[in-house]
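[1] Dropping the sequence and predicted coords here.
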Amino acid sequence: MVEKVIATPAALELIEFLQRKHGPVMFHQSGGCCDNSAANCYLPGELTIGAGDVYLGEIGGAPFYMSTSQYEYWKHTQLIIDVVEGTGGTFSLEGPEGKAFHTRSRVFTEDEWASICAEPAPTHERPHANA
């Protein structure tokens, strides 16, 4: 299975720090209006996930979602979540730490894209651990 979202070591380190400080976290790739298409980190329940969102996978044990409309633009790419110094001007949980999650991407190879196309259509539902 091709991973639709991955994280750099720096991002994984920051996720682990935030989880130690706050408990479980989740991510949502924003649509760009006031927060510049950023990977935002939230506490569960701070953002309602529903049928208008797509589950892309997990990074550092945290679920990662994107709106269905955004996914249509990004579906040909693997998201690579990184960290930059400074605040990103978002509502994301890492802001007070002087860091911001930053989304990079790369286009899937033809083989990866064929594999993704063979998978069931993505939904907002997280697969069960035993699936």
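    It's in.
[2] So which residues of this structure form helices?
    9-22, 68-74, 110-118 (DSSP state H).
[3] Show me the shaky parts of this structure.
    For the chain, applying pLDDT under 70 flags the ranges 31-37, 88-90, 128-131.
[4] Turn the helices of the chain into CSV, including mean neighbour count and distance to residue 50.
    (Glycine included, C-beta is placed from N, CA and C.) Shown next, in CSV, are the helices of the chain (neighbours: other CB atoms under 10 Å; distance: least, CB to CB, whole Å):
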stretch, mean neighbour count, distance to residue 50
helix 9-22, 16, 23
helix 68-74, 15, 10
helix 110-118, 12, 23
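[5] got those as JSON lines, with distance to residue 55 columns?
    Shown next, in JSON lines, are these (distance: least, CB to CB, whole Å):
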{"stretch": "helix 9-22", "distance to residue 55": "17"}
{"stretch": "helix 68-74", "distance to residue 55": "10"}
{"stretch": "helix 110-118", "distance to residue 55": "14"}
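[6] wait, which of the ones you listed is closest to residue 56?
    helix 68-74 (7.8 Å; CB to CB).
[7] how much space between residue 113 and residue 81?
    Residue 113 sits 20 Å away from residue 81, going by CB to CB, to the nearest Å.
[8] hey, C-alpha coordinates of stretch 13-31 in PDB?
    In PDB, the C-alpha atoms belonging to stretch 13-31 read as follows (Å, rounded to 0.1, in the frame of the first residue of the first chain):
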ATOM      1  CA  GLU A  13       9.900  14.600  16.700                       C
ATOM      2  CA  LEU A  14       7.600  17.500  17.000                       C
ATOM      3  CA  ILE A  15       4.500  15.200  16.900                       C
ATOM      4  CA  GLU A  16       6.000  13.100  19.700                       C
ATOM      5  CA  PHE A  17       6.600  16.300  21.800                       C
ATOM      6  CA  LEU A  18       3.100  17.500  21.200                       C
ATOM      7  CA  GLN A  19       1.600  14.100  22.200                       C
ATOM      8  CA  ARG A  20       3.700  14.100  25.400                       C
ATOM      9  CA  LYS A  21       2.500  17.600  26.200                       C
ATOM     10  CA  HIS A  22      -1.200  17.400  25.100                       C
ATOM     11  CA  GLY A  23      -2.100  13.700  24.600                       C
ATOM     12  CA  PRO A  24      -3.400  12.400  21.300                       C
ATOM     13  CA  VAL A  25      -3.400  14.700  18.300                       C
ATOM     14  CA  MET A  26      -4.800  14.700  14.800                       C
ATOM     15  CA  PHE A  27      -4.000  16.500  11.500                       C
ATOM     16  CA  HIS A  28      -6.100  18.200   8.900                       C
ATOM     17  CA  GLN A  29      -4.600  19.700   5.700                       C
ATOM     18  CA  SER A  30      -6.300  23.000   5.400                       C
ATOM     19  CA  GLY A  31      -7.800  24.500   2.300                       C
END
